[in-house]
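Asks: Any chance you can model this:
(one chain, ligands or ions: 1)
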Amino acid sequence: MNRDFIAWLAQHDDRAYDLHETHVNPAFVKMLKTIGFDKHYVRGEGAYLWDDEGNKYLDFLTGWGVFAVGRNHPKVKSILKQVLDRDLPNLVRMNCSTLSGLVAEKLTRHIGGDLTQVFFCNSGTETVEAAIKFARCYTGRQDVIYCDHAFHGLTTGSLSINGADFFRERFGNLMPGTRKVPFNDLSALERELASKKAAAFILEPVQGKSCEVVHDGYLAEAQRLCRKFGTLLVLDEVQTGLGRTGEWFCYQHWPGVEPDIVCVSKALSGGYVPVGAVVTRPKIMNCVFDSMERCVVHSNTFGQNDLAMAAALATLMVIEEDALVENAAEMGAYLMDGLNRLAPSCPFVSAVRGKGLMIGIDFARPSDSFKLKMAWDMLHKLNFGVFGQMIVMPLMHEHRILTQVAGYHTEVIKFLPPMTITQQDCDWFLGAMQEVLDDTQRFPGAAWETVAGLAKSVVRA
Ligand code: PLP
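Replies: This next block holds a predicted model:
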């Protein structure tokens with residue numbers, strides 16, 4: 001088996017869904033089978049996936065944002081292989097590794113200003129947990145202000161500042177002292193900050209669940225208010241960071257914004273090794289780690305492991321060398337432009353929004369056609385939240401494009417392509433969207449029948 005592990009693995013391929021049904025997450029398997037997403041992918045490269053029948057798919061989901069440099073990028077792969085082959089003295093713990101020092105140097109250069117300190121961890125939610133602890137430690141305050149519809153991860157601290165009841169229900173008491181404000185509402189933010197109890201105000205500059213973008217001027221004013229009332233501004237760039245929105249970090253679209261803490265993860269992994277990084281100011285870091293005794297008072301076992309650090313360093317190099325931030329800006333504008341041109345012809349589209357290569361389409365009850373209003377009502381009587389599948393399923397089954405339904409409070413579908421995509425990929429997607437959006441207007445029709453069947457099966461389940 002050791003000699004040809006891949007051949008051995010292939011012998012078990014047809015058991016994947018059964019194994020997961022038995023040992024991992026049967027509800028997830030059921031969902032995949034219900035929408036026909038139970039494929040057997042055998043290869044990934046760049047923006048594409050291939051299944052065991054040789055079909056090629058365009059990946060506009062990128063593993064929820066981790067494959068920003070595309071799948072199996074040759075430079076990242078080569079660097080990881082070199083590190084593996086050298087038998088490096090990984091995770092000695094009582095030393096300082098060159099690799100993590102170099103990642104910290106490169107990351108802080110792209111962030112700039114006074115944010116020169118990095119804490120490493122293993123996931124997005126861990127960056128948020130660290131940010132909460134650092135802000136509490138530095139300010140001596142307890143409370144955390146967060147936004148409606150926010151998503152910062154699902155461990156208990158991050159879950160406490162999740163903007164959707166759906167994720168919180170049935171998990172018992174969460175962290176006390178959290179206060180929710182509407183996204184983009186500066187007056188509500190000022191009211192909460194004025195109590196001077198908040199250690200941190202945390203937000204995503206583009207919300208992952210809705211693709212809502214902060215208004216121009218919002219971050220600068222939020223920063224002014226945070227400073228006025230002694231609260232740290234924490235930007236969760238776990239999804240938006242490293243170029244996805246067309247700047248290295250999304251907040252850099254608005255000059256003068258300099259948060260106190262920036263959370264980075266997903267793309268930093270190169271799609272290979274989980275990693276997270278919290279970037280902050282020396283005065284905050286020095287407050288948390290203020291003595292030799294407390295030098296590991298916040299820490300983790302696997303942070304700074306060589307493979308994660310090599311993947312991170314290689315990813316940062318690829319983004320720089322392949323000019324992927326510029327490509328994200330250019331292709332993002334091309335996609336947004338194309339979608340904005342398609343949108344008026346589909347009465348269900350209520351908004352196209354996002355920034356760079358993080359784009360969402362929001363669907364709503366049409367205001368004109370009686371027939372289409374009736375179709376919308378009929379579907380929503382069965383189940384809220386399945387309309388998006390009328391886009392996502394045919395994109396997959398008829399056009400071989402992998403996307404996802406993103407929102408829980410609205411009917412949003414989200415597109416998160418790799419930053420390496422070409423104009424040809426964008427045209428493949430836009431052509432497919434045109435057909436799929438046109439089909440939503442054929443009622444009664446195949447698309448409506450499929451999605452009504454799906455809604456009924458969800459209700460039955
Ligand atoms: N923050 C944001 C903005 C995210 O989008 C996510 C994940 O989607 C997280 C935090 C949590 O990251 P992870 O799933 O790696 O814990």
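Asks: mind checking pLDDT for the closest residue to Cys263 other than its chain neighbours?
Replies: Nearest non-adjacent residue to Cys263, counting by Cβ to Cβ, 6 or more residues apart in numbering: Thr127, 3.8 Å away. All C-beta spots, glycine's among them, are computed from the backbone N, C-alpha and C. pLDDT for Thr127: 98.
Asks: Kindly provide the distance from Thr127 to the ligand.
Replies: As defined by Cβ to the nearest ligand atom, to the nearest Å, Thr127 lies at a distance of 7 Å from the ligand.
Asks: Which helix or strand contains Val118?
Replies: Assessed by DSSP states H and E, Val118 sits inside strand 117-121.
Asks: thinking again about what came up before, the residue nearest to Cys263 is in contact with Gly241, isn't it?
Replies: No. Assessed by Cβ atoms under 8 Å, Thr127 is found out of contact with Gly241, at 10.0 Å.
Asks: Which residues are in contact with each of the two?
Replies: Both Thr127 and Gly241 are contacted by 263-265, under the criterion Cβ atoms under 8 Å, 6 or more residues apart in numbering.
Asks: ok, and of the residues you listed, which contact the ligand?
Replies: Counting by Cβ under 6 Å from any ligand atom, Ser265 from the shared contacts of Thr127 and Gly241 sit close to the ligand.
Asks: top of the shared contacts of Thr127 and Gly241 by neighbour count?
Replies: Cys263 (30 neighbours; other Cβ atoms under 10 Å).
Asks: is it true that that one touches Thr125?
Replies: No. Shown here, Cys263 and Thr125 do not form a contact pair, counting by Cβ under 8 Å, at 9.4 Å.
Asks: The residue of the chain found nearest the ligand: what's it in contact with?
Replies: Using Cβ to the nearest ligand atom, Gly124 is the residue of the chain that sits closest to the ligand, at 2.1 Å. Residues near Gly124 by Cβ under 8 Å, 6+ apart: 152-153, 236, 238-239, 263, 265-266, 276.
Asks: near the ligand, which residues of the stretch 251-400 of the chain?
Replies: Applying Cβ under 6 Å from any ligand atom, we find that the stretch 251-400 of the chain lies next to the ligand at Ser265.
Asks: can you give me the strands in the stretch 251-400 of the chain?
Replies: For the stretch 251-400 of the chain, strands defined by DSSP state E, counting those that start in this stretch occupy the ranges 261-264, 276-280, 349-355, 358-363.
Asks: Save the ones you listed as CSV, and put in mean pLDDT too.
Replies: Below are the strands of the stretch 251-400 of the chain laid out as CSV (pLDDT from 0 to 100):
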stretch, mean pLDDT
strand 261-264, 98
strand 276-280, 98
strand 349-355, 97
strand 358-363, 97
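Asks: Could you dump those into JSON lines and include distance to Leu324?
Replies: As requested, the strands of the stretch 251-400 of the chain are exported to JSON lines (distance: least, Cβ to Cβ, whole Å):
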{"stretch": "strand 261-264", "distance to Leu324": "15"}
{"stretch": "strand 276-280", "distance to Leu324": "18"}
{"stretch": "strand 349-355", "distance to Leu324": "15"}
{"stretch": "strand 358-363", "distance to Leu324": "14"}
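Asks: Most neighbours out of the contacts of Gly124, which is it?
Replies: Of all the contacts of Gly124, Asp236 has the most neighbours under the rule other Cβ under 10 Å, reaching 32 neighbours.
Asks: can you pull the contacts of that one?
Replies: Contact partners of Asp236, counting by Cβ under 8 Å, 6+ apart, are 124, 127-128, 131, 150, 152, 202-204, 263.
Asks: which of these are buried?
Replies: Buried by 16 or more other Cβ atoms under 10 Å: 124, 127-128, 131, 150, 152, 202-204, 263, out of those.
Asks: Could you tell me which of these belong to strands?
Replies: Among the buried ones among the contacts of Asp236, DSSP state E puts 202-203, 263 in strands.
Asks: of the residues you listed, closest to Arg353?
Replies: Of all these, Arg353 sits closest to Leu203, with 16.0 Å by Cβ to Cβ.
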